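K.L.:
Need a 3D model of the following:
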Amino acid sequence: MGIRVTQPGLLTTVQDLGRTKGLAQGFSPSGVMDQWSAIQGNLLVNNVENEAVLEYSILGPTVTFSTPAVIAVTGGVVNAKLNGTQIHENQAIEVNSEDVLEIGPLTQGRYGYLAVSGGLQVDSILASKATSLRYGLGGFKGRALKTGDFLATVEPKPVIAEPEKRKIAVSSHDTDQTVLIRVTEGPQFAQFEAETITAFTNQQFKISKNADRMGLRLEGQPLSVANVPEMLSEATVAGGIQVPKNGQPIVLMADRQTTGGYPVIGVVASVDLPTIAQLVPGQVVRFKMISLTQSQQALADQKGQLKQIKQTFDALNPKVSRKTATKISRLFR
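P.N.:
Residues are numbered from 1 along each chain as shown. Now for the predicted structure:
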């Protein structure tokens with residue numbers, strides 16, 4: 001029992017928060033592009049934060065449920081319909097057997113997510129269910145979904161009390177034509193000339209059409225690397241801003257290579273990674289340098305928001321009496 005794909009959408013894959021345990025073996029982490037939206041989706045349906053979800057880009061899939069479940073659609077804005085009736089994003093929705101969900105095209109943002117109560121039942125490889133398309137690894141047969149694919153879900157439907165009260169009003173996509181992205185100093189920051197640093201922070205960069213899950217190529221006045229010493233390849237990080245010889249920066253994302261030989265002028269603050277991931281070609285970014293301490297504090301504030309959301313939802317769950325809890329615990333001794 002589970003989900004049948006009747007229309008796959010664009011680049012719809014099974015993803016979680018990434019395959020971090022495979023980095024030493026040369027496997028890119030993959031995972032969702034917008035962790036904030038994926039985690040919110042899982043919280044809405046009472047899953048753990050790292051549970052696998054469906055990620056789609058530009059155009060969402062159409063799926064048919066063969067068993068009851070609770071779902072949530074998060075991320076970029078869509079006009080999703082359940083059995084032809086429009087539903088709201090960012091809230092828990094109950095579905096029944098034979099219900100049809102049509103997510104459709106994104107009207108804002110670039111990536112969207114479908115979370116299902118109990119999670120998607122695919123094999124875990126290197127401690128992750130994420131799809132790595134470059135290696136044909138993980139997720140559903142290591143590839144994007146196709147028409148007719150069937151994804152198993154948990155049965156019977158997990159009990160979720162008062163799903164209609166499980167709503168979230170916070171999103172990660174920014175519709176402004178120019179978006180401010182916070183960055184910290186990269187490993188090679190000090191090797192760039194002062195004029196190049198000024199150009200990096202003062203000018204605007206356009207998101208290129210050649211932006212994908214590996215990296216976001218930016219277009220702007222080229223940054224000079226003429227006096228940056230040649231370097232050996234070193235480990236990459238999410239949000240690292242490489243400057244190749246043509247001077248056009250590349251922001252490394254989920255499917256990035258594990259090592260790279262281009263100098264890194266800055267690193268996108270973790271709290272802003274979901275925002276830059278959701279930008280579409282033609283949108284413009286400006287970078288603002290902040291300290292590592294400021295970046296850590298911003299991330300801590302975001303985690304505090306998630307903690308408050310989780311506490312609110314946990315309060316909706318039915319309480320188990322102490323006597324009942326004791327009886328249950330004895331069954332597993």
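
K.L.:
distance of the spatially closest residue to Gly18 that is not a sequence neighbour from Arg19?
P.N.:
Leaving out its chain neighbours, the residue that sits closest to Gly18 by C-beta to C-beta, 6 or more residues apart in numbering is Gly31, at 2.8 Å. For every residue, glycine as well, the C-beta is placed using N, CA and C. Counting by C-beta to C-beta, to the nearest Å, the separation of Gly31 from Arg19 is 7 Å.

K.L.:
So for those two, which residues contact both of them?
P.N.:
Residues touching both Gly31 and Arg19 (C-beta atoms under 8 Å, 6 or more residues apart in numbering): Ser128, Ala130.

K.L.:
how many neighbours does the closest residue to Met253 other than its chain neighbours have?
P.N.:
Using C-beta to C-beta, 6+ apart and skipping the chain neighbours, the partner closest in space to Met253 is Gly215 (5.4 Å). Gly215 sits with 23 neighbouring residues when counted by other C-beta atoms under 10 Å.

K.L.:
List the contacts of Gly215.
P.N.:
Counting by C-beta under 8 Å, 6+ apart, Gly215 has contacts Gln242, Ile250, Val251, Leu252, Met253, Arg256.

K.L.:
One more: Phe65?
P.N.:
By C-beta under 8 Å, 6+ apart, the contact set of Phe65 is Gly2, Ile3, Arg4, Val95, Asn96, Ser97, Glu98, Asp99, Val100, Leu101.

K.L.:
need the contact list for the fourth one.
P.N.:
The neighbours of Val95, taking C-beta under 8 Å, 6+ apart as the test, are Phe65, Pro68, Ala69, Val70, Ile71, Leu82, Leu101.

K.L.:
Gly261 reaches Ala235, doesn't it?
P.N.:
No: taking contacts as C-beta atoms under 8 Å, Gly261 lies outside contact range of Ala235: 11.4 Å.

K.L.:
Distance check, Ser270 against Lys303.
P.N.:
Ser270 sits 10 Å away from Lys303, going by C-beta to C-beta.

K.L.:
ugh, typo on my part, it should be Thr153
P.N.:
Separation of Thr153 from Lys303 (C-beta to C-beta): 28 Å.

K.L.:
So for those two, which sits in the more crowded spot?
P.N.:
Just comparing Thr153 and Lys303: by other C-beta under 10 Å the higher neighbour count belongs to Thr153, 21 against 13.

K.L.:
can you tell me how far Thr122 sits from Asp99?
P.N.:
Just so we're on the same page, residue 122 is Val rather than Thr. When distance is defined by C-beta to C-beta, Val122 is 22 Å away from Asp99.

K.L.:
Now name the helix or strand holding Gln297.
P.N.:
According to DSSP states H and E, Gln297 maps onto helix 292-314.

K.L.:
What is that helix packed up against?
P.N.:
helix 35-44, strand 178-185 (3 or more C-beta pairs under 8 Å, 6 or more residues apart in numbering; DSSP states H and E).

K.L.:
on that earlier part again, looking at the contacts of Phe65, which is nearest Arg166?
P.N.:
Distances from Arg166 to those, taken as C-beta to C-beta, are shortest for Val95 (14.2 Å).

K.L.:
Quickly list what that closest one is bridged to.
P.N.:
On the basis of DSSP bridges, Val95 is bridged to Ala69.

K.L.:
Do you have the helices of this structure handy? List them.
P.N.:
Counting by DSSP state H, the chain has helices at residues 35-44, 194-202, 273-277, 292-314, 322-331.

K.L.:
Go through these and pick out the most buried.
P.N.:
Ranked by average neighbour count under the criterion mean count of other C-beta atoms under 10 Å, the helices of the chain are headed by helix 35-44 at a mean of 26.

K.L.:
Show me where the protein dips below the pLDDT cut-off.
P.N.:
Along the chain, segments meeting pLDDT under 70 span 171-172, 319-333.

K.L.:
Outline the domain layout of it.
P.N.:
Annotated domains of the chain cover 2-165, 178-290, 295-331 [automatic domain parsing].

K.L.:
looking at those domains, which is buried most?
P.N.:
Across the domains of the chain, the average number of neighbours (mean count of other C-beta under 10 Å) peaks for domain 2-165, which reaches a mean of 20.

K.L.:
quick one on the thing from earlier: Throw the helices and strands packed on helix 292-314 into CSV and include distance to Thr107, thanks.
P.N.:
What follows is the helices and strands packed on helix 292-314, written out as CSV (distance: least, C-beta to C-beta, whole Å):
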stretch, distance to Thr107
helix 35-44, 15
strand 178-185, 17
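
K.L.:
out of these, which comes closest to Asn227?
P.N.:
strand 178-185 (17.4 Å).

K.L.:
What sits closest to Phe139 if chain neighbours are left out?
P.N.:
Just to correct that, residue 139 is Gly rather than Phe. Thr131 (2.9 Å).

K.L.:
for the nearest residue to Val271 once chain neighbours are set aside, what are its contacts?
P.N.:
In this structure, Val271 finds its nearest non-sequential neighbour in Ala298, 4.3 Å apart by C-beta to C-beta, 6+ apart. Contacts for Ala298 (C-beta under 8 Å, 6+ apart) come out as Arg182, Ala269, Val271, Asp272, Ile290.
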